[in-house]
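Visitor: 3D model of this:
(chains A and B)
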Amino acid sequence: MESRAISLEMGIVLVSVFSALWIFLGWYLGRDNKTSEDFQLAGRKVGFSLATATAMATWVTTNTTLVAPELAYQMGIWGMVGYSMGAIGLILFAPMAKRIRDILPGGTTSGDFFRIRYGKKAWRFFLVLSLVYSLGWLVSLGMAGGILVQSLTGIPYEIGLSVILLICISYTLMGGLKAVIGTDFIQTVLILLGITILGFIAYREVSSREMHLVIAQDKPELLNLFFPAALIFLFNNILFGIGEIFHSNVWWSRAFAFRKGVGFRAFLWSGILWIPIPIAAGFLAFMAPVHGIPVPYPDMIGPLVAGEILGEVGGILVFVLVFSALASSLDSLLAATSDLVAEDIYKGHLHPDATDSELQKASKISILLLGVFAWLVCLPRVSDLASVLHFSGALVSSMIWPIVLGIYWKRANREAIFWAMVMGSLLGLVSYFWVGFFTAALVGTGISMGVSILGSLYRSEDFSWEDIG
Amino acid sequence: MDFLTKDKHSNTGYFLLEWESGSNAISLFQEKSGEWYSVYEGNLNQISQSGLSNGIYRYSLCPEKTVLPDAKICKYTTVRVEHFTPFQTIASLSFGSVLFLSIILALLLFHKKVIGS
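Guide: Alright, predicted model coming up:
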């Protein structure tokens, strides 16, 4: 896309200001970190406001701000509303966060849960699935950042990508989870302000009656509440979101880091607050047909419309909004995935006797290596690599039932759970390629549910978290 | 100058229309009820269309500033939109809702049991 919503000079100023702010906060918030628990889990003392803000900001990714308008443009009302149903994952994780804190009071990663509850075989398979998903998400975030900075400001893709990764790596390295959560709070405020102002200005530009008339005439399916593709997509998207949240260490590390009694309320409120964000972002897409804006790249329709209709002010708002969304997810992913690498691979497999300082060092090296990996993969801008995230729906959805059953049900059998994840992932992938993208999470969840429940009923375990605790 | 998208089929009402025109600007038209309407004029080499109902959509790619498509100087392509059938939609929706409700039900029952104990 060649249009520039904001000037190169303004782009450089914005990137510089935010870079300085995030890095300063990273240093400031992390200056008291002493142990690996401080670095990885913010001392397990995160209060309600910060907890709610970090859960919400992390779930507002570039996907939320860029894909919600794209889905509204492609699938209309249901595309927009369906995307907002991604909040259900956060809401359902609320009771689980409380239970996780109770059964694993000293836990550090989601890998701890799999290792203790299901043994080494399921734990290792979980690590493979989770790392594929995390790396796919990391690459898609990095690429989205580079593309966004270039399309809004004209700063070359390679420079934008490098700067964004460098900033997030720097402040995450300096402050660990404390820096991630502290910056998330400010990023949440910026995201909420940005989306509210943008939605308000956009609404003033076009009357809803005019919008309805134009869309009903030129793109009637967008207003159709029985739009087949959108309805088929609906539950696949919801299950994909649930799978992402239930398994990922991004959310487990927060459940461990929040002060006891905070997790339930924080996840519940972050989910509720998240619901209107994709709807407000998606609304922008409906303005394109009204203004006759040609859309060459649907994933950039949000910034395109904001820049075309609202001028430089709209461009700046979109930039701040998406830059905040991007940083809040990228830093969380770097921190949580590095914990998984340090705890479950380095300590769990390579160096079981690692001391606290060695573990902290391993976490930092992991952050750096993950950042370099993402940079190297994103640099050639091979767009197909971002699709790793899309087909990971099959992988993450196959872990929904193993996690729910393992947390609550003493009869869940480790062999059944292992095969549930293997078969759910494989058949979900087969379905993705043979039937369509909209079936991957449905098949992954269904197969995994059947195998894990039936297998556990056939040969039950008698596991007790209380005995472990 | 010609379309890269030829005889496309879409079951979502959404598709990408691509063409090759070197660095020349083009005019793109769409046929509606037997009449041609301008869709785009400029230097882009692709444009997305969405929200279309079942039907056959005809497009014409012409040199810049063409007023109406002319077979001598323009190229044509068609896209057939045929949405998923009601059976496919209802089957997918039903399967998805059963899976989704099962998760909610399991969490409610398990959580209630944990609180009770």
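Visitor: Any idea how many residues pack against residue B:9?
Guide: 10 (other C-beta atoms under 10 Å in any protein chain shown). From N, CA and C alone the C-beta is placed, and that goes for glycine too.
Visitor: how about the residues of chain B near chain A?
Guide: When proximity is defined as C-beta under 8 Å from any C-beta of the partner chain, chain B approaches chain A at B:11-14, B:39-40, B:42, B:44-48, B:50-53, B:83-86, B:88-89, B:92-93, B:95-97, B:99-100, B:102-104, B:106-107, B:110-111, B:113-114.
Visitor: buried subset of those?
Guide: B:11-14, B:39-40, B:44, B:47-48, B:50-52, B:83-84, B:88-89, B:92, B:95-96, B:99-100, B:102-103, B:106-107, B:110-111 (16 or more other C-beta atoms under 10 Å in any protein chain shown).
Visitor: Restricted to strands, list the residues you listed.
Guide: Judged by DSSP state E, strands contain the following of those: B:39, B:40, B:47, B:48.
Visitor: For the residue lying closest to residue A:433 once chain neighbours are set aside, which residues are in contact?
Guide: What sits nearest to residue A:433 in space, not counting adjacent residues and going by C-beta to C-beta, 6 or more residues apart in numbering or on different chains, is residue A:391, at 8.0 Å. Residue A:391 makes contacts with A:429, A:432, A:433, A:437, A:440, as judged by C-beta atoms under 8 Å, 6 or more residues apart in numbering or on different chains.
Visitor: Need the max-distance pair from these.
Guide: By the measure C-beta to C-beta, A:429 and A:437 form the most distant pair in these, at 11.2 Å.
Visitor: Which one's more surrounded, the two?
Guide: Per other C-beta under 10 Å, whichever of residue A:429 and residue A:437 has more neighbours is residue A:429, with 19 against 15.
Visitor: what's the pLDDT at the residue minimising distance to the centre of chain A?
Guide: Residue closest to the mean C-alpha point of chain A, counted by C-alpha atoms, centre = their mean, is residue A:59 at 4.9 Å. Among the per-residue scores, residue A:59 shows a pLDDT of 89.
Visitor: Quick check, it in contact with residue A:270.
Guide: Yes: counting by C-beta atoms under 8 Å, residue A:59 touches residue A:270, with 7.0 Å between them.
Visitor: Pull up the overlap in contacts between the two.
Guide: Shared contacts of residue A:59 and residue A:270, defined by C-beta under 8 Å, 6+ apart, comprise residue A:90.
Visitor: from the buried ones among the residues of chain B next to chain A, which ones fall inside helices?
Guide: B:88-89, B:92, B:95-96, B:99-100, B:102-103, B:106-107, B:110-111 (DSSP state H).
Visitor: pLDDT of whichever strand or helix holds the residue nearest to residue A:433, averaged?
Guide: Taking DSSP states H and E as the criterion, residue A:391 maps to helix A:387-397. Taken as a whole, helix A:387-397 carries a mean pLDDT of 81.
Visitor: Following it in sequence, what is the next regular element?
Guide: Helices and strands here follow DSSP H and E; after helix A:387-397, the next one along the chain is helix A:400-408.
Visitor: elements contacting that following helix?
Guide: Counting contacts by 3 or more C-beta pairs under 8 Å, 6 or more residues apart in numbering or on different chains; DSSP states H and E, helix A:400-408 packs against helix A:87-103, helix A:110-153, helix A:228-247, helix A:414-434, helix A:440-458, helix B:86-116.
Visitor: Which strands or helices does the fifth one pack on?
Guide: When you say that, I think you mean helix A:440-458. Contact partners of helix A:440-458 among helices and strands, from 3+ C-beta pairs under 8 Å, 6+ apart: helix A:228-247, helix A:387-397, helix A:400-408, helix A:414-434, helix B:86-116.
Visitor: Which helix or strand lies directly C-terminal to that helix?
Guide: Going down the chain from helix A:440-458, the next helix or strand is helix A:465-468, by DSSP H and E.
Visitor: For chain B, see how far away the closest residue to residue A:443 other than its chain neighbours is.
Guide: Take residue A:443 and drop its neighbours on the chain: the residue closest to it by C-beta to C-beta, 6+ apart is residue A:431, 4.0 Å away. Going from residue A:431 to chain B by C-beta to the nearest C-beta, to the nearest Å gives 11 Å.
Visitor: number of nearby residues for residue A:431?
Guide: 22.
Visitor: Alpha carbons of the helix or strand hosting residue B:77, in PDB - could you do that?
Guide: Here residue B:77, judged by DSSP H and E, is contained in strand B:75-81. This file holds the C-alpha atoms of strand B:75-81, laid out as PDB (Å, rounded to 0.1, in the frame of the first residue of the first chain):
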ATOM      1  CA  LYS B  75     -10.300  -7.300 -21.000                       C
ATOM      2  CA  TYR B  76     -13.100  -9.200 -19.200                       C
ATOM      3  CA  THR B  77     -13.300 -11.700 -16.300                       C
ATOM      4  CA  THR B  78     -16.100 -13.200 -14.300                       C
ATOM      5  CA  VAL B  79     -16.500 -14.300 -10.700                       C
ATOM      6  CA  ARG B  80     -19.100 -16.700  -9.500                       C
ATOM      7  CA  VAL B  81     -20.400 -16.200  -6.000                       C
END
